[in-house]
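Q: Have a look at this prediction, sequence included:
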Amino acid sequence: MTERQQVSEEMRVIEEFLNTVDERTFRRHGTAHAGGDRLVSPAALSEWLSGHGLLPSGTRLGSAELVEAVRLRTALRRFLLSAAPERGTAAVFADFPLHLVPGAEGALRLAATGTAGLAPIVEAVAAAVVDGSWARLRICAAPDCRWVFYDLSRGGGGRWCSMAVCGNRAKTRSYRQRQRTT
C-alpha cells in the first residue's frame, strides 16, 4: 500500500480542490514554475467537479457558482493557515451552512446547502474536522510553494509538500546561511 492509498478519497478531493489554485513561484533546475488557477470559468469549474464525480458530466454552471467555489477554496486555505483553526471553523462554514438530514438506516448525517458540486466538499471538510483528519492537511511552509498536502509523517509535523524539493531547498538555504555567518 502506497502513502497516497492511505489517504481517504474524500481527503484527496479536498486536497485537489484546494490545489486548483497553484501559488508556487519557485525555480527548479533553472526553470521557473508557472502556477495558475484551474477554476477560471464556470465551464472549468463544471469540468473539475464532474471529473471528480461531484457533478453530472455536462452540467452547466454560472458565474455565481464559480464565485462560490473560489470563495470556499479561499476560506479553506485561510483556515489551514490560521494560527487558531478551532476559532476559524465557524467562519469557514458561515457561508456554507450544514444541517442534519436522515441518512442510511435511520442515522443522521451532515448535509451542506449551496452549489450541488460543492456540497460534498463542504460535507467532507466538516467530517474531516470531526474525525481529526483535517489536522493532517497542511500548506507547504515554503513561501514560494504554498501547495496543500496531506501530512503522512508519523508524528504529524510535516512542513513541506515534498522533502525532496521544498524541504531540500529550505535546508540548503539554511546551511548556506550558516556557512556565510561563520
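A: Perfect, thanks for sending it. Numbering: from 1, shown residues only.

Q: where does the chain dip in pLDDT?
A: Judged by pLDDT under 70, the chain has its weakly predicted residues at 1-5, 83-90, 92, 163-165, 167-176.

Q: Show me the strands in it, by range?
A: For the chain, strands defined by DSSP state E occupy the ranges 21-22, 27-28, 31-32, 36-37, 98-102, 108-112, 137-139, 148-150.

Q: Dump those strands to JSON lines, plus distance to residue 91.
A: Every C-beta, even on glycine, is put in place using the N, C-alpha and C of the backbone. JSON lines is the format used below for these (distance: least, C-beta to C-beta, whole Å):
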{"stretch": "strand 21-22", "distance to residue 91": "19"}
{"stretch": "strand 27-28", "distance to residue 91": "35"}
{"stretch": "strand 31-32", "distance to residue 91": "35"}
{"stretch": "strand 36-37", "distance to residue 91": "23"}
{"stretch": "strand 98-102", "distance to residue 91": "14"}
{"stretch": "strand 108-112", "distance to residue 91": "16"}
{"stretch": "strand 137-139", "distance to residue 91": "17"}
{"stretch": "strand 148-150", "distance to residue 91": "19"}
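
Q: any chance of the ones you listed in JSON lines, with mean neighbour count and distance to residue 121 too?
A: Shown next, in JSON lines, are those (neighbours: other C-beta atoms under 10 Å; distance: least, C-beta to C-beta, whole Å):
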{"stretch": "strand 21-22", "mean neighbour count": "16", "distance to residue 121": "14"}
{"stretch": "strand 27-28", "mean neighbour count": "10", "distance to residue 121": "30"}
{"stretch": "strand 31-32", "mean neighbour count": "9", "distance to residue 121": "31"}
{"stretch": "strand 36-37", "mean neighbour count": "11", "distance to residue 121": "17"}
{"stretch": "strand 98-102", "mean neighbour count": "11", "distance to residue 121": "12"}
{"stretch": "strand 108-112", "mean neighbour count": "15", "distance to residue 121": "8"}
{"stretch": "strand 137-139", "mean neighbour count": "20", "distance to residue 121": "13"}
{"stretch": "strand 148-150", "mean neighbour count": "21", "distance to residue 121": "13"}
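
Q: Thanks again, I'm all set now.
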